[in-house]
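A.B. asks: What follows is a protein structure lacking sequence information:
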DNA sequence: GGTGTCAATATCCTTTTGGTAACTAGGTAC
DNA sequence: GTACCTAGTTACCAAAAGGATATTGACACC
């Protein structure tokens, strides 16, 4: 059975649209995509921009994104080697939804952090109130 | 140092806006939020709608969302117990960014799956070409 | 007093994720 | 020939996430 003409539904556990949410949730993938939004970046630069990610994990992330057709990997025949990663048009099309989410995140984070503090305090008090 | 007036930046590893991406990436959290978009739902209903999630994991997810102020938990003094989960206004405000992402996901998944197949095949051939 | 309902918890176990540290390849510079 | 460059790979390890299964509490029904 092929999925191309199904009304994709995220709530259906068999629907592969869930993979997208997994990509976004990946610790580094969405960050990489956003960094690549300004144009091609090479491996070592990416490492610096995304900040202290180990080469192994960055490679894993990049391979996964490449596999999904979101980025391309270009090797230049130079010494020392130079490899550049760039968004595909598919990758670029993800940029906007990601930006929407990012803006939401950046503007609501204070509220979320306050909610956490309040919640944690309430929990503490509940524990003090009934220690057994 | 307080974060409320900082220009939140997802690329800064110290910026808490990253927590949002982690929430979204959570295997069940974003699904729960989207299910709750239609109004309050009780625990057992949620379990069915999100499909085969174990109670432990659903509880974990719900507690995390509650802690972040995205949903509320209401216990009705009944027997058997009835507990309803509902989006807060903060949770509702996340609905739209999530929908944007969801539409992207549902419409581009076929392309992604094709890219994967192509990538995997290319890998296989590369292995066959140079088996050592 | 046994059974059922709902919303969990508790215990245990497996899988996945992320990370450290060391090493490789191919060449250039000294 | 030793050191250094980039872009990785390899082996190993710890923590976290996710899940299976059994049990609990409060009551209602029979």
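C.D. replies: Yep, it's here. Model, not experiment: these values are computed from the prediction.
A.B. asks: which residue packs closest to the most centrally placed residue in chain A, ignoring adjacent ones?
C.D. replies: Geometric centre of chain A, nearest residue: residue A:30, 2.2 Å, by CA atoms, centre = their mean. Counting by CB to CB, 6 or more residues apart in numbering or on different chains, residue A:30 lies nearest to residue A:24, which is 5.0 Å off, once chain neighbours are set aside. Where C-beta positions appear, they are placed from N, C-alpha and C, glycine not excepted.
A.B. asks: and what of residue A:114?
C.D. replies: residue B:69 is the one closest to residue A:114 (CB to CB, 6+ apart), at 7.6 Å.
A.B. asks: Can you report how many residues lie near the one you found?
C.D. replies: By other CB atoms under 10 Å in any protein chain shown, 20 other residues sit near residue B:69.
A.B. asks: Report the contact partners of it.
C.D. replies: Contacts for residue B:69 (CB atoms under 8 Å, 6 or more residues apart in numbering or on different chains) come out as A:111-112, A:114-116, A:118-119, B:88, B:90-91.
A.B. asks: right, and out of the residues you listed, which lies closest to residue B:51?
C.D. replies: Nearest to residue B:51 among the contacts of residue B:69 is residue B:91, at 20.7 Å by CB to CB.
A.B. asks: In this structure the closest one contacts residue B:66, no?
C.D. replies: No - counting by CB atoms under 8 Å, residue B:91 sits too far from residue B:66 to count as a contact (9.8 Å).
A.B. asks: For those two, indicate the residue with more neighbours.
C.D. replies: Counted by other CB under 10 Å, residue B:91 and residue B:66 do not tie: residue B:91 has more neighbours, with 22 against 17.
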